[in-house]
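**Q** Give me coordinates for this.
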Amino acid sequence: RKAINAMIAEGKIDEDTRIVVETAREMNDANWRRAIERYQKEREKENAAIAEIIREFRPDYTDSDIEKGRLLFEQNINEGTSRDAKLKAERFALDLQKYKLWKEQNFQCLYTGKHINVSDLFNDSVVDIEHTIPRSLSFDDSLSNKTVCYAHFNRYTKNNQIPSELSNYNVILQRIQPWRGKLEHIM
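**A** Numbers count the residues shown, from 1 in each chain. I've put the predicted structure just below:
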């Protein structure tokens, strides 16, 4: 109603102008379903490719472990599984997180700037998934609060600090600049 009154006040329309509002509910629903289907297919392909890469470094994973791990990662489903199967699924879900973060970070540790080799990525004594804002401060365990980084740096330098408390904070800011640009572009 405000928009119509404004258009009348500006002389764009008068009180006798007929305004027809059409909704494209069915078109939007079909488009929405197609978009969701396309997104799901893309994620399935991506997850299958990632599973093959992870399998190279963790040959003990079965197809069942990978499927349960994928579900655990995406939907937090872990009911009805044995303790061993649950642990394996959780490990795969962490490996999946590591890989996705590693790829998103252009294969480097954001804190040290060093390249992370894929062979080191799945070695828990070399590379960690760490919480950017420590869980003890934020309780945020979401993927958006995680990065992959070298375990030594995480355990002995970053420890329980937020990035702005680190001595190399300005260099870290330079490394995340591409994401800031993407964020500004989205908003």
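**Q** alpha carbons only for contacts and neighbour counts from here, please
**A** Will do.
**Q** Check the gap between the closest residue to residue 91 other than its chain neighbours and residue 147 for me.
**A** Nearest non-adjacent residue to residue 91, counting by CA to CA, 6 or more residues apart in numbering: residue 69, 7.4 Å away. Distance, residue 69 to residue 147, using CA to CA, to the nearest Å: 19 Å.
**Q** again with residue 67
**A** Going from residue 67 to residue 147 by CA to CA gives 23 Å.
**Q** what separates residue 17 from residue 179, distance-wise?
**A** The spacing between residue 17 and residue 179, counted by CA to CA, is 47 Å.
**Q** same deal with residue 32?
**A** Distance from residue 32 to residue 179, counting by CA to CA: 27 Å.
**Q** cool, residue 96 as well?
**A** Counting by CA to CA, the gap from residue 96 to residue 179 is 21 Å.
**Q** Out of those two, name the residue with the larger neighbour count.
**A** residue 96 (22 against 12; other CA atoms under 10 Å).
**Q** which residue sits closest to the more buried one in space, ignoring its chain neighbours?
**A** residue 50 (7.2 Å).
**Q** Am I right that that neighbour sits in a strand?
**A** No - according to DSSP: H, G, I helix; E, B strand; the rest coil, residue 50 belongs to no strand; its state is helix.
**Q** That one against residue 98, yeah?
**A** No - the criterion here is CA atoms under 8 Å, and residue 50 misses it with residue 98 at 10.5 Å.
**Q** What strand or helix carries residue 130?
**A** Under the criterion of DSSP states H and E, residue 130 resides in strand 127-131.
**Q** how close does the residue nearest to residue 96 get to residue 136?
**A** Separation of residue 50 from residue 136 (CA to CA) stands at 30 Å.
**Q** Looking at those two, which is more packed in?
**A** Neighbours per residue (other CA under 10 Å) separate residue 50 from residue 136, with residue 50 holding more: 15 against 10.
**Q** Next one: that one from residue 95, what distance?
**A** 9 Å.
**Q** More neighbours: which of residue 69 and residue 147?
**A** Using other CA under 10 Å as the criterion, residue 69 and residue 147 rank with residue 69 on top: 29 against 22.
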